[in-house]
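Novice: need a 3D model of the following:
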Amino acid sequence: MKTFRDKEVLVTGAGSGIGRETALAFARAGARLWVADINLAQAEDTATQIRALGATARPLHCDVADNNSVQAMADAVHAEIPALDILMNNAGIGSAGRFLDTSLDTWRRVMDINLMGVVHGCHAFLPNMVARGQGGHVINTASAAAFIAAPDMPIYAASKFAVQGFTESLRGDMATHGIGVTAICPGIINTAIVANSIMEGKMGEGARHDKVVQFYQKRNYTPAQVAKVILRAVQRNVAVQPVSPEAWGMYFAKRIAPGLVSRLSEKELPFLK
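Specialist: Residues are numbered from 1 along each chain as shown. Alright, predicted model coming up:
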C-alpha cells in the first residue's frame, strides 16, 4: 500500500495518544478516518482535529472488550462502505504489579481489552476485507513488552506476547488474500496509558506510580513520532515494527543474548529504584 489517499481507515483507542496521532497522520496522508474510543467525547475531539485538516472523520463509541460493541461498530461502518482498507487495533490498558500481588479481575480486564479487543476487531472487519478481494492492512498495537517481560508487568507482558503471536499467525493467514498484518511495538512512549494503568501491590504505591509517570514524561518519545513509523511500516508491509530505541534494543537483545535478557528480567525496573 504505497498511498493512503481515499483509503478507509479505522483506529480504535483513537481518543488520545498513539491512536489519535496515528489517525491524524493518516488524515494528513489523505485517508478517510473512522475514529473509535470508549470515551466518545475524546473520539469526537479527534474527529474535530481531523476535520480541521480538511479530511473526513467519523467518531464512534466502542468498548473493544465487548464483542457486541465491536460488531455494532462494524455494522455501522459496513452500512456505509463495503470494507475498510486499514484496520488499526490500538485500544489498550496498562498494568503493573508482581504476580502474587495481581488479582484475577485485573487479568481478565487487561486480557479482554489488550488481547480480545484485537481479536474482536479482526473478527468483525476482516471478513468484509477478504470478501471484497482488494487487499488491505491490519495494524495491531503490541509492545516492547512482547520482547522482554519485566517481572513487574506479568499481565501486560502476557497480553502483548499474545498479541504478537496472534499477529504473526494472522499475517501468514491473510497473506493469501493480499492483506498485510503488522505488529507495532512502540516502547517507552509518553502517553496517558501510564498514568491510567492498573497498579497493584508495591507498584500501586503513590511514590512508585509517580516515578513511572515521571520517567515516561522525561523520556518524552511522543505518539506523533510513533505515528510516522506506523505509516511507513504499513507502506512497507513490515511484519514486526519496533519503534523507540528502547524497543529496538529489546528486539535485538532477545535474539542475540537471550541468557543475558533472562538474568536482567529478574531485576527491578531501574527507574523504580
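
Novice: does residue 221 really touch residue 227, like I thought?
Specialist: No: the pair residue 221 / residue 227 is not scored as a contact, 11.8 Å apart, by C-beta atoms under 8 Å. All C-beta atoms are positioned from the backbone trio N, CA, C, and that covers glycine.

Novice: okay, those two: which has more neighbours?
Specialist: residue 227 (22 against 19; other C-beta atoms under 10 Å).

Novice: report whether the more buried one is found in a helix, as I expect.
Specialist: Yes: the assignment for residue 227 is a helix, going by DSSP: H, G, I helix; E, B strand; the rest coil.

Novice: got the contact list for it?
Specialist: Contact analysis of residue 227 by C-beta atoms under 8 Å, 6 or more residues apart in numbering lists 18, 21, 22, 24, 25.

Novice: how about the residues you listed in a markdown table, adding distance to residue 105?
Specialist: A markdown table is the format used below for the contacts of residue 227 (distance: C-beta to C-beta, whole Å):
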| residue | distance to residue 105 |
| --- | --- |
| 18 | 26 |
| 21 | 31 |
| 22 | 30 |
| 24 | 34 |
| 25 | 35 |
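
Novice: show me these that map onto helices.
Specialist: 18, 21, 22, 24, 25 (DSSP state H).

Novice: now rank those residues by neighbours and give me the top one.
Specialist: residue 22 (30 neighbours).

Novice: for the closest residue to that one other than its chain neighbours, give its distance to residue 38.
Specialist: In space, and not counting its chain neighbours, residue 22 is closest to residue 227: 4.3 Å by C-beta to C-beta, 6 or more residues apart in numbering. Residue 227 is 20 Å from residue 38, where distance means C-beta to C-beta, to the nearest Å.

Novice: residue 60 reaches residue 39, doesn't it?
Specialist: No: between residue 60 and residue 39 there is no contact under C-beta under 8 Å: 11.4 Å.

Novice: so between the two, which is more surrounded?
Specialist: For residue 60 versus residue 39, the count of surrounding residues by other C-beta under 10 Å is larger for residue 60: 23 against 12.

Novice: could I get the phi/psi values of that one?
Specialist: Per-residue torsions, residue 60: phi -140, psi 140 (degrees, to the nearest 10).

Novice: ranges for the strands of the stretch 151-273 of the chain?
Specialist: When assigned using DSSP state E, counting those that start in this stretch, the strands of the stretch 151-273 of the chain occupy the ranges 179-185, 198-199, 240-242.

Novice: turn the ones you listed into TSV, including mean pLDDT.
Specialist: Converted to TSV, the strands of the stretch 151-273 of the chain look like this (pLDDT from 0 to 100):
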stretch	mean pLDDT
strand 179-185	98
strand 198-199	92
strand 240-242	97
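
Novice: so residue 10, which state does it fall into?
Specialist: strand.

Novice: what mean pLDDT does the one helix or strand residue 33 maps to get?
Specialist: In the assignment (DSSP states H and E), residue 33 maps to strand 32-37. Computed over strand 32-37, the mean pLDDT rounds to 98.
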